[in-house]
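Colleague: Build me a model:
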Amino acid sequence: MTAPGLTSAPTSSADLIDEESEPATSTNSAAKNRMSWRQVVAYIVVPLLVVVLGGVTGWLKWVDGSSRDARAAATASVQAAREGTVALLSYQPDTVEQTLGAAQARLTGAFRDSYAKLIHDVVIPGAREKKISAIANVPAAGSISASVGHAEVLVFVNQTSIVGTDAPTDTASSVRVGLDKVDGQWLISSFEPI
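Modeller: Okay, here's the model as predicted:
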């Protein structure tokens, strides 16, 4: 018989095994819970992180590529605007038709048509009749905006005009030049004095 408040000691080896197996079961249950948490991390969280990181990496690569394309477009369009402006505004009375006719190859769209009309109706006859020559240079130009297919460039132009035997006249102006990329080449689509 046992005293009150005291439990009886196990009397057989089976009782000892039963008492020891209960804590082992709770330990196994905790281990199973830990394993399931590890499995959640291994099978859900880690793959999710890999997918998110892959998406972010792809997006950053796309942004970088777009930025590089825009910078390349800006550089190429500024150069085309410089060269095109000089070609459009420079001529000699003896070769005005050939010079300005060749400059039309640097143009596109409605601007090409209006420029052709202007040079044939006004510039070529005036240059021949009054012996007008013009020399343009571009001391500065900068990109306003540029994308893969369209660009806007601000061009600062100095032009020296000579009429017959008169003294040369110098003018300075700025022009907003619109360019479109056609068949891999930047062509002037608008030419607006500012």
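Colleague: and the helix ranked longest in the chain, what's its mean pLDDT?
Modeller: Ordering each helix of the chain by length in residues (DSSP state H) puts helix 46-89 first. Mean pLDDT, computed over helix 46-89, is 87.
Colleague: After it, which helix or strand is next? Please name it.
Modeller: Using DSSP states H and E, the next helix or strand after helix 46-89 towards the C-terminus is helix 96-103.
Colleague: now that next one against helix 46-89, angle please.
Modeller: Between the axes of helix 96-103 and helix 46-89, defined by axes from the mean of the first three to the mean of the last three C-alpha atoms, to 10 degrees, the angle is 170 degrees.
Colleague: Show me what the longest helix of the chain is packed against.
Modeller: In terms of contacts (3 or more C-beta pairs under 8 Å, 6 or more residues apart in numbering; DSSP states H and E), helix 46-89 is packed against helix 96-103, strand 132-146, strand 150-163, strand 169-182, strand 185-193. C-beta here means a position set from N, CA and C on the backbone, and glycine is covered the same way.
Colleague: wait, which of the ones you listed is closest to Trp59?
Modeller: With C-beta to C-beta, the closest approach to Trp59 among these belongs to strand 132-146: 21.7 Å.
Colleague: buried residues in that closest one?
Modeller: 132-136, 138, 141, 143, 146 (16 or more other C-beta atoms under 10 Å).
Colleague: As PDB, could you dump the C-alpha coordinates of it?
Modeller: Output in PDB follows, covering the C-alpha atoms of strand 132-146 (Å, rounded to 0.1, in the frame of the first residue of the first chain):
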ATOM      1  CA  ILE A 132      23.000  82.900-103.100                       C
ATOM      2  CA  SER A 133      25.200  80.500-101.100                       C
ATOM      3  CA  ALA A 134      24.700  79.300 -97.600                       C
ATOM      4  CA  ILE A 135      27.000  77.500 -95.200                       C
ATOM      5  CA  ALA A 136      25.600  76.000 -92.000                       C
ATOM      6  CA  ASN A 137      27.300  74.500 -89.100                       C
ATOM      7  CA  VAL A 138      26.000  73.000 -85.800                       C
ATOM      8  CA  PRO A 139      28.000  74.100 -82.800                       C
ATOM      9  CA  ALA A 140      25.800  72.200 -80.400                       C
ATOM     10  CA  ALA A 141      22.900  69.700 -80.300                       C
ATOM     11  CA  GLY A 142      21.300  67.600 -77.700                       C
ATOM     12  CA  SER A 143      18.700  64.900 -77.300                       C
ATOM     13  CA  ILE A 144      15.300  66.000 -76.000                       C
ATOM     14  CA  SER A 145      13.800  62.500 -76.100                       C
ATOM     15  CA  ALA A 146      14.700  59.300 -77.800                       C
END
